[in-house]
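Q: Turn this into a model:
(2 chains)
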Number of protein chains: 2
Amino acid sequence: MKFFEDIRVGEISELGRHTFTADDIKAFAARFDPQPFHLDEAQAARSHFGALCASGWHTACVWIRLLIHYRRREDEELRGRGEPVAQLGPSPGFRDLEWLRPVHAGDTVSYATEVVEARPLNSRPAWGIIFVRNTGVNQRGEPVISFVSSMFVERRDKGQPA
Amino acid sequence: MKFFEDIRVGEISELGRHTFTADDIKAFAARFDPQPFHLDEAQAARSHFGALCASGWHTACVWIRLLIHYRRREDEELRGRGEPVAQLGPSPGFRDLEWLRPVHAGDTVSYATEVVEARPLNSRPAWGIIFVRNTGVNQRGEPVISFVSSMFVERRDKGQPA
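A: A predicted model of the protein is given here:
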């Protein structure tokens, strides 16, 4: 992770993409969201979704996986250039999660994050908080998921005046 | 699912509970949230969490599983009494998800939902929308997760005046 001071509002990170296969959709659903339209093509065809589609939680969980992998690559690049890597604090949560369209079997979702707010924390001067808008877009360019998450990021100056 | 007309604001449903074992925590993390404090006891001990803890997404995914099982039991009871079962529409999403405390290996989280708002939909007269506050509380009574979700629920009167 970059340090808080190096993060700019408006910065966009392309996290990567994932193709949701029917097997993938059903395996997640069997474990966490066993509703007929996530488990069975015939029942999904008769549902309001019209065809097998992924659990919204599955769509969200793929986002976190791609984010972790993205950060790992970013950290490796920083270390490769001999630069220090910032610590990331626990995430306090997120807001306004919307499932905008179903993700059907065979759909490929591309995930990205955009920094929408970044501010130092008065209460914890070694840290800043950033807010990012996370989106997933299918292969037709249609948004399928959107939410805003927040996280604590270490400050390079540790809150000490320069 | 009960029909929209039978749902009361303030109604609380106890969904059930789940004990997060170390194996369970690591298996989820390996698949979706491969951060050291979700995967390895020794690394977790050195992290800000102090001990192995579940991915926040894991805590949320267990909620959806318990909710689906709860609804299934509710539907079986309704059918057992010869009563009709309402359709549930897609969830538009949720808001204000907070991870309030880490969930460590061995913790048992009890999940509940409380209806906080219920209103008919002018745009889709056969449906109402309900908002529920979802919470998970550990074995010491401490809240670990909270969020507000919304869902469309079928109206018994299909929006026709009685």
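Q: Run through who's touching stretch A:108-119.
A: A:4, A:7-20, A:59, A:62-63, A:66-67, A:103, A:128-139, A:144-145, A:148 (C-beta atoms under 8 Å, 6 or more residues apart in numbering or on different chains). C-beta coordinates here come from the backbone N, C-alpha and C atoms, glycine included.
Q: So for it, what gets flagged as buried?
A: In terms of neighbour count (16 or more other C-beta atoms under 10 Å in any protein chain shown), stretch A:108-119 has its buried residues at A:109-113, A:115, A:118.
Q: which residues sit in contact with the spatially most central residue of chain A?
A: The central residue of chain A, meaning the one whose C-alpha is nearest the mean C-alpha position (C-alpha atoms, centre = their mean), is residue A:63 at 3.7 Å. With contacts defined as C-beta under 8 Å, 6+ apart, residue A:63 is in contact with A:15, A:111, A:134, A:136, A:145.
Q: hmm, 6 Å instead?
A: Under the criterion of C-beta atoms under 6 Å, 6 or more residues apart in numbering or on different chains, the contact partners of residue A:63 comprise A:111, A:134.
Q: any idea how far it lies from residue A:97?
A: From residue A:63 over to residue A:97 the distance is 10 Å, taken as C-beta to C-beta, to the nearest Å.
Q: Spell out which parts of chain A neighbour chain B.
A: Contact residues of chain A with respect to chain B, defined by C-beta under 6 Å from any C-beta of the partner chain, are listed as A:32-34, A:57, A:61, A:64-65, A:68, A:93-99.
Q: again, only this time at 7 Å
A: By the rule C-beta under 7 Å from any C-beta of the partner chain, the part of chain A lying against chain B is A:32-35, A:48, A:56-57, A:60-61, A:64-65, A:68, A:89-99.
Q: Could you list which of those belong to helices?
A: Cross-referencing the residues of chain A next to chain B against helices under DSSP state H gives A:32, A:56-57, A:60-61, A:64-65, A:68.
Q: picking up where we left off before, of the buried residues of stretch A:108-119, which is the nearest to residue A:80?
A: Proximity of the buried residues of stretch A:108-119 to residue A:80 was ranked by C-beta to C-beta; the top entry is residue A:113 with 22.2 Å.
Q: among the ones in helices among the residues of chain A next to chain B, which two are most distant?
A: Taking C-beta to C-beta, the two most distant members of those are A:56 and A:68; they sit 19.6 Å apart.
Q: out of these two, which sits in the busier spot?
A: In this comparison of residue A:56 against residue A:68, neighbours counted by other C-beta atoms under 10 Å in any protein chain shown, the higher total goes to residue A:56 at 24 against 17.
Q: how close does that one sit to residue A:63?
A: Counting by C-beta to C-beta, the separation of residue A:56 from residue A:63 is 11 Å.
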